[in-house]
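S.K.: The sequence and its predicted three-dimensional model are supplied below.
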Amino acid sequence: MKIYGVVPNLILVVVVLASLSVDWQTALPLALLGGISLDLFSTNQFGFFALILIIISFLFSFLKSYLFTQANILVSLIAVLMGTSLYYLLALLLADFFLLLDLPISVILSLENVFIWLPLELAYNLAGTIFIFFCFFRNKPSFSGVKSNNRWI
C-alpha cells in the first residue's frame, strides 16, 4: 500500500539484516546487487542507491561486533530503524552533492518531505523487519553457505 508515494524498502531491510548476519565479503555484494536493482527502476543517477546501500552495509558490518552482539527481534528493529534513518540522511547528502555538481537528479528530497516520508517508511520497514526476521532468520539461514560463529546465524 502506497501512502504519500512511500512504499516499504524491503531491500534496505534485507541489506541491514544480512550485514548483521554474514561476513562483510558476502554482505557488500548483496548491497551492491540490491542497490543496482533499485537504480534500474529509478530515474536518478545510476549508482545513487547502490552507493547508499554499500555505505550502510559496510557500516553495519563494522558495527555488528561492537553494538549488535545479540540476535533478537528488538536488536533487528533498532538496526533497521537506524538503517532507514541513515538511508534518508545519505540520500539527502548525496542529492545535494549531485545538485552541487549540476548532475540531474529526479527526486529532490527536501526536509519537509523527509519529515513526512521517513516516519511512514520507518513504519513499513519495521513491519517488514518482523516478517523477514521470523521467516528467515529464525530458521538460521546462511547466505554464504559457510557456518559462521556470529550469533545471528
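M.R.: Arrived safely, thanks for sending.

S.K.: From here on, just use CA atoms for contacts and neighbour counts.
M.R.: Fine.

S.K.: give me the low-pLDDT residue ranges for this structure?
M.R.: Along the chain, the model assigns pLDDT under 70 to residues 1-3, 69, 98-113, 137-153.

S.K.: can you pull out the helices in it?
M.R.: Taking DSSP state H to define them, one finds helices in the chain at 10-21, 24-40, 48-63, 73-100, 111-132.

S.K.: by contact count, what packs against the first one?
M.R.: For helix 10-21, the helices and strands in contact under the criterion 3 or more CA pairs under 8 Å, 6 or more residues apart in numbering; DSSP states H and E are helix 24-40, helix 48-63, helix 73-100, helix 111-132.

S.K.: And the contacts of it?
M.R.: Contacting residues not belonging to helix 10-21 are listed as 27-28, 30-31, 34, 53, 56-58, 60-61, 64, 68, 76, 79-80, 83-84, 125, 128-129, 132, 150-153 [CA atoms under 8 Å, 6 or more residues apart in numbering].

S.K.: hey, C-alpha coordinates of it in PDB?
M.R.: The C-alpha coordinates for helix 10-21 follow below in PDB (Å, rounded to 0.1, in the frame of the first residue of the first chain):
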ATOM      1  CA  LEU A  10      12.500  -4.400   1.900                       C
ATOM      2  CA  ILE A  11      15.800  -4.300   0.000                       C
ATOM      3  CA  LEU A  12      17.200  -2.000   2.700                       C
ATOM      4  CA  VAL A  13      15.800  -4.300   5.400                       C
ATOM      5  CA  VAL A  14      17.400  -7.300   3.900                       C
ATOM      6  CA  VAL A  15      20.700  -5.500   3.500                       C
ATOM      7  CA  VAL A  16      20.700  -4.300   7.100                       C
ATOM      8  CA  LEU A  17      19.800  -7.800   8.500                       C
ATOM      9  CA  ALA A  18      22.200  -9.600   6.100                       C
ATOM     10  CA  SER A  19      25.000  -7.200   7.100                       C
ATOM     11  CA  LEU A  20      24.500  -8.200  10.700                       C
ATOM     12  CA  SER A  21      24.200 -11.900   9.800                       C
END
